[in-house]
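Trainee: for reference, the sequence and a predicted model appear below.
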Amino acid sequence: MDIIMTHEQTDFDGFASMLGAYLLEDRAYPILPNNMNRNVQQFYHNYRFELPFILPQALPKQNIHSITLVDTQSMVTLKGITRDTRVCVFDHHKKKDDFSSDWAYNDIKTGACTTYFVEHLIEHNGNLSMVQATLLLLGIYEDTGSLTYASTTARDAQAVAYLLSQGASLKIAADYLNPSLSPGQQKVLEALIQNQQVMELKKKRVMVSHADAEFLEEEVSSIAHKLCDLYDPDGLFLFVKTKEGIRFVARSVCDEIDVSNIAERFGGGGHTRAAAALIRKSEGNRKALQELEKDFIASLDDFINPSISVKQIMSTNPLLLEPSTKLQEALQLMQRFGYEGFPVVQENQVIGLLTRRAVDRALSHKMDVPVKSLMEAGNYFVHPETSLEELHQIMAKSNWGQIPVVNKQDKKIIGIVTRTDLLQAYSGIQSPENGKMDLSSLLENTLKPNQMKLIKMIAETAHEMRMHVYLVGGVVRDIILKSPILDLDFVVEGNAIELAHQLIALYGGKITSHRQFGTAKWFLEDSRIIVSDNDANSSSGLPKSIDLISARTEFYKNPSALPTVKLSSIKLDLLRRDFTINTLAIRLDGKHYGKLYDYWGGLDDLNDGIIRVLHSLSFVDDPTRMLRAIRFEQRFGFQIEKRTLELFEEAKPLLKQVSGDRIRHEMDLIFRERLAVDILNRLQQLELLQAIDPDLHFSKKNAITLQAAIENKAGDGWALPSKVGNSSTEIVILYTIFLCMQAEKSVQRINKRLKLPKVIQKSISQARELIEKMPQLIDQKPSEIYYALKNVPNHTLFAVQFFFHDNHKVQQNINLYLSEWTKLKPYTKGTDLKKLGINPGPIYKSIYQQLISAWVDGEIISREEEADLLQSILTKSKKTN
């Protein structure tokens, strides 16, 4: 049999989730919990005849085949559970570290677990009774605070709308959402009020209290709710001694206090805003309760994160204007960098703000005045330590959308913070350490030992030089996806070239640098990098070189041009990336080691499998990003976000303006992908190949042939080199297959458009010629086939064979050519002919070809027969002469 279970001390979300799971699979038995919150108990008592729950003792006496566990990751024991019982968990709480590897886990990313089941009920178009719809509504409302908690999602609201359309009663729900306290609960409330301690930690008002309540039969959560209503603390922590043990209940109303982490300390869990734990004490007494509370208060400060300050959301290295700056110069800066406002500074003092609106108005009136005449005068600024609340007030007072950030010590302007930064921080989008995620363990479990040693060398050196250093982009994406890590990309807030010079001074190696771009390449070949003793290969996991790049921002003078760069902050550096999934950064220096920085929502898109650009002009800035989007979409099995896909249509014509070198670089990367055929099919579907060149197509025959080449690597018999000229042999083969079936004029134009290397052009030409000849060669003598193939390089022949994958005769001839015919060598040498009195000349080649042909055609099979044939050839030659 199959059953459905939830946690003890069941709330409405757990209870409603069981109902939802049952409605989706009515063959399973939803088990009534032993202990339920009082309001849940009352609802069940009033409507039990319309609900499907059964008592554990009423179950059939059978083994339990599977358990659906909802709204929890902990399971009570039950008769009938065996080693073979499958457990499938549906939960919206954070996955526990000790979660059983034998269980299936479904991570529900909604404010209430119930929402997940309602969504699936919508898909099934099932009708709900009023009681069913109301219970499901209660499940969502209780865990989202009637859709008011920060954890609430749009999906929760959509589920509520559906339930209301199904007849859910808000009047009935209201009776159970805020139940009055029982006499016992009222008594505990009074004790908690009497024992309360209120303190301020890191600018957050926190209440801690305890009560001895072994008489209490009901839940503590309702009492916590009343205390929150009465005192409105930022954080509430209660220790209530009951018969089962000490119940720890925690509530939070702010991001800085994550009570689920705190509850985990006591073996419990929950949400960031509501959590609980049961602390079982073998020698529980009043003194132990107070000692527990005392120890908790002593360590509480460690669990409260500092409030987000301006320092965490500002951008460094701001562009500043002098009062005398000309209007046209200011306009160029705005167009280049896309900023809406620039601080105006005189002698390092803020005297005003120039806005884009003021510049546009001046231009409309054809004014030619200095910045001083257009700026909004004022001396508004904040410090890095300024809270978001203070920043909000200053913005409201000044009506400035951009506020300079001034260092308290030296009074220098070190950054700028915008209205967008503030809004994103308030909405939780731009917390630089998204959810304060620590990826240090994932980092060390994913990377190889040598890669980690290299990272720590760079991090320690940067820290000593007071620079911030980050792993960025694709490497962070791949670490989170647990994909193989091939390249390590480092961004430095500071001078990357100075850091590189310090690294070679400490560890050796060589560097090349480009001061214009603030980049350095460190070649590791001659460096003194310490290698772990247990590594058989000393270079395991290490690239030949690594790039160190100063954080920068960039602008494009015109569509598809290469960017112009300016040193900047990590936030603006990440903003210049192609897609949100590539905007993640892991900080490596000092105490920040392992912290994930996610300014642009990359982690959510990575988890949701979405490819999304950062702004609407992304493809205008760099049209090759469209090719990259398709490559990532197919490689990871992601989807391109709807708006991003719409932007393709506007930007496709710009691909014609992109240089052939850049297009070919993207095509090379596509050919290196395992799913290259899927990528090319998608490019064909979206007409991106035709946007590169009108004659560039990818047909079904192309797809079949190319896929066969990718799946069938060349064996030893082919004797293929790793490179042909400067090009990878594999890339030459794939280009040959991709292009050799195009019309000749088209191929010539595509060769020129993509600036294909001569070796690829030659291979395509030879392949086209051989493909045309091959049908006529099938019935020719072996020697005719031999000489037709002899001048074709093996890599081209390898490509051509896939066009005849279903032609047994062609395949047989190619195999004979490789395995037998090319190994046949006449015994007769030039020296032998010379001894016979034959002068060197074209006759040598003619004799040699006749001997080879005879061997290949099987006309001779021994040295003696070759000698006879040679004599015959010479006799005929003499007669002719």
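Mentor: Done, it's in. Numbers count the residues shown, from 1 in each chain.

Trainee: and the strands in the stretch 401-550 of the chain?
Mentor: Ranges of strands within the stretch 401-550 of the chain are 402-406, 413-418, 468-472, 489-493, 508-514, 519-527, 545-550, based on DSSP state E, counting those that start in this stretch.

Trainee: residues touching the fourth one, excluding its own?
Mentor: So the one you mean is strand 489-493. Under the contact criterion Cβ atoms under 8 Å, 6 or more residues apart in numbering, strand 489-493 has outside partners 316, 458, 462, 467-475, 496, 499, 546-551, 569-570, 573, 585. Yep, even glycine has a C-beta here, placed from its N, CA and C like the rest.

Trainee: okay, that strand in CSV with CA atoms only?
Mentor: Taking C-alpha atoms only, strand 489-493 is exported to CSV below (Å, rounded to 0.1, in the frame of the first residue of the first chain):
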residue,chain,number,x,y,z
ASP,A,489,38.6,33.2,-14.5
PHE,A,490,39.6,35.7,-11.9
VAL,A,491,38.4,39.3,-11.6
VAL,A,492,40.3,41.7,-9.3
GLU,A,493,38.9,44.8,-7.6
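
Trainee: now stretch 785-800 - C-alpha only, CSV.
Mentor: Taking Å, rounded to 0.1, in the frame of the first residue of the first chain, the C-alpha atoms of stretch 785-800 are listed here in CSV:
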residue,chain,number,x,y,z
ILE,A,785,39.8,3.8,-56.7
TYR,A,786,43.3,3.8,-55.1
TYR,A,787,44.6,6.6,-57.3
ALA,A,788,41.3,8.6,-56.8
LEU,A,789,41.8,8.4,-53.0
LYS,A,790,45.6,8.7,-52.9
ASN,A,791,45.8,12.5,-53.1
VAL,A,792,43.0,13.1,-50.7
PRO,A,793,44.3,13.7,-47.1
ASN,A,794,43.0,11.1,-44.6
HIS,A,795,41.1,13.8,-42.6
THR,A,796,39.1,14.7,-45.7
LEU,A,797,38.5,11.1,-46.6
PHE,A,798,37.3,10.5,-43.0
ALA,A,799,34.7,13.3,-43.5
VAL,A,800,33.6,12.0,-46.9
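
Trainee: what's the first helix or strand after the least confident helix or strand in the chain by mean pLDDT?
Mentor: One helix or strand of the chain scores below all others by mean pLDDT, DSSP states H and E: strand 564-567, with a mean of 64. Following strand 564-567 in sequence order, the next helix or strand is helix 570-575 (DSSP states H and E).

Trainee: so for that next one, mean pLDDT?
Mentor: What helix 570-575 shows for mean pLDDT is 86.

Trainee: for stretch 614-633, same thing?
Mentor: Rounded mean pLDDT across stretch 614-633 is 93.

Trainee: buried residues in it, which are they?
Mentor: Going by neighbour count (16 or more other Cβ atoms under 10 Å), the buried part of stretch 614-633 is 614, 618-633.

Trainee: any idea how far Ile570 is from Gln42?
Mentor: 53 Å (Cβ to Cβ, to the nearest Å).

Trainee: what segments of the stretch 1-150 of the chain are helices?
Mentor: Counting by DSSP state H, counting those that start in this stretch, the stretch 1-150 of the chain has helices at residues 12-24, 38-47, 113-124, 130-144.

Trainee: the third one to helix 12-24, inter-axis angle?
Mentor: Going by axes from the mean of the first three to the mean of the last three Cα atoms, to 10 degrees, helix 113-124 is angled at 20 degrees with respect to helix 12-24.

Trainee: okay, now the unreliable bits of the stretch 101-250 of the chain?
Mentor: Filtered on pLDDT under 70, the stretch 101-250 of the chain yields no residues whatsoever.

Trainee: how about the chain?
Mentor: 281-287, 427-436, 530-541, 554-566, 716, 879-881.

Trainee: can you pull the domain assignment for it?
Mentor: The chain breaks down by automatic domain parsing into domains covering 2-177, 183-303, 312-427, 434-608, 693-815, 824-880.

Trainee: got a markdown table for the ones you listed, with mean neighbour count too?
Mentor: Below are the domains of the chain laid out as a markdown table (neighbours: other Cβ atoms under 10 Å):
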| stretch | mean neighbour count |
| --- | --- |
| domain 2-177 | 18 |
| domain 183-303 | 18 |
| domain 312-427 | 16 |
| domain 434-608 | 18 |
| domain 693-815 | 17 |
| domain 824-880 | 14 |
